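K.L.:
Pasted the sequence and its predicted model underneath.
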Amino acid sequence: EDQVTQSPEALRLQEGESSSLNCSYTVSGLRGLFWYRQDPGKGPEFLFTLYSAGEEKEKERLKATLTKKESFLHITAPKPEDSATYLCAAASGNTPLVFGKGTRLSVIA
Amino acid sequence: NAGVTQTPKFQVLKTGQSMTLQCAQDMNHNSMYWYRQDPGMGLRLIYYSASEGTTDKGEVPNGYNVSRLNKREFSLRLESAAPSQTSVYFCASSEQTTQPQHFGDGTRLSIL
């Protein structure tokens, strides 16, 4: 059974304190690994797609990387506006994406 | 640029009442989805439609029905609402099932 596990469940950082969020996946034949940001009261907002091990994508203070078993979302010098829940999802076969439960990030000024 | 539009945004029902949640997308996507999101449970897929004319069950289909009305619209119906169906419901769409999904802002449903 395809599975996506995110850790930690919650992370509290001081402004400027860099860190990483983890997404471990067990799927048969990965066709894409996706990262989303979700703000309270809103739907998830698509950030990145990664297709193969070694691939990296960047957007402002966020960088996503992919290995054969996991993906990391690195947050460099975060600001309070980066506070949100970050979700990852994996695609395999022709079935819908499998989502992790998310990491709730709080950045304190 | 609307993307995915869900109506209504909020709704309160009594146990046993029926309700249809509406979803429309303007991105010409083939695939559409309905999820529910509960604290600590993450997003759980209720039903999806890989293409116009097809629908399939997801992880938690019991108590729900769906209709893919046309390529743009995908509705979710609760025939006899139960308190366990109190949740936030999200509709999403994508070009294909393995492509990134784009989400609406949700319907917050309370069943008393």
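P.N.:
Sure thing, it's come through. Residues are numbered from 1 along each chain as shown, chains lettered A, B, ... in the order given.
K.L.:
Return the residues of chain B in contact with chain A.
P.N.:
Neighbours of chain A within chain B, by C-beta under 8 Å from any C-beta of the partner chain: B:4, B:31, B:33, B:40-43, B:45, B:48, B:50, B:58, B:90, B:92, B:97-106. Backbone N, C-alpha and C define where each C-beta goes, glycine included.
K.L.:
These in strands, which ones?
P.N.:
Judged by DSSP state E, the subset of the residues of chain B next to chain A located in strands is B:4, B:31, B:33, B:42, B:43, B:45, B:48, B:90, B:92, B:102, B:103.
K.L.:
tell me which parts of chain A are close to chain B?
P.N.:
Residues of chain A lying near chain B (C-beta under 8 Å from any C-beta): A:31-32, A:34, A:41-46, A:49, A:87, A:89, A:91-97, A:99-102.
K.L.:
Would you write a PyMOL line that selects the buried entries of these?
P.N.:
Burial among those is assessed by 16 or more other C-beta atoms under 10 Å in any protein chain shown; the matching PyMOL selection reads:
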select buried, chain A and resi 31+32+34+43+44+46+49+87+89+91+92+95+96+97+99+100+101+102
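K.L.:
In strands, which of the residues of chain A next to chain B appear?
P.N.:
A:31, A:32, A:34, A:45, A:46, A:49, A:87, A:89, A:91, A:92, A:99.
K.L.:
Take those residues and lay them out in a markdown table including pLDDT and distance to residue B:15.
P.N.:
A markdown table is the format used below for those (pLDDT from 0 to 100; distance: C-beta to C-beta, whole Å):
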| residue | pLDDT | distance to residue B:15 |
| --- | --- | --- |
| A:31 | 92 | 41 |
| A:32 | 94 | 41 |
| A:34 | 97 | 37 |
| A:45 | 97 | 34 |
| A:46 | 96 | 36 |
| A:49 | 96 | 42 |
| A:87 | 98 | 31 |
| A:89 | 96 | 33 |
| A:91 | 92 | 37 |
| A:92 | 90 | 38 |
| A:99 | 95 | 29 |
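K.L.:
Quick check: buried residues in stretch B:39-55?
P.N.:
Those would be B:42, B:43, B:45, B:46, B:47, B:48, B:49, B:50, B:55, for stretch B:39-55 by 16+ other C-beta under 10 Å.
K.L.:
between those residues, which is closest to chain A?
P.N.:
residue B:42 (3.6 Å; C-beta to the nearest C-beta).
K.L.:
That closest one against residue A:102, yeah?
P.N.:
Yes. Using C-beta atoms under 8 Å, residue B:42 is in contact with residue A:102, at 6.2 Å.
K.L.:
Between the two, which contacts overlap?
P.N.:
Residues within reach of residue B:42 and of residue A:102 at once, by C-beta atoms under 8 Å, 6 or more residues apart in numbering or on different chains, are residue A:87.
K.L.:
what sits opposite residue B:31 in the beta ladder?
P.N.:
Assessed by DSSP bridges, residue B:31 has beta-bridge partners residue B:94.
K.L.:
Compute the number of surrounding residues for it.
P.N.:
23 (other C-beta atoms under 10 Å in any protein chain shown).
K.L.:
quick one: the residue positioned nearest the centre of chain B and chain A, what's the gap?
P.N.:
Most central in chain B under C-alpha atoms, centre = their mean is residue B:34, positioned 2.9 Å from the mean C-alpha point. Counting by C-beta to the nearest C-beta, to the nearest Å, the separation of residue B:34 from chain A is 11 Å.
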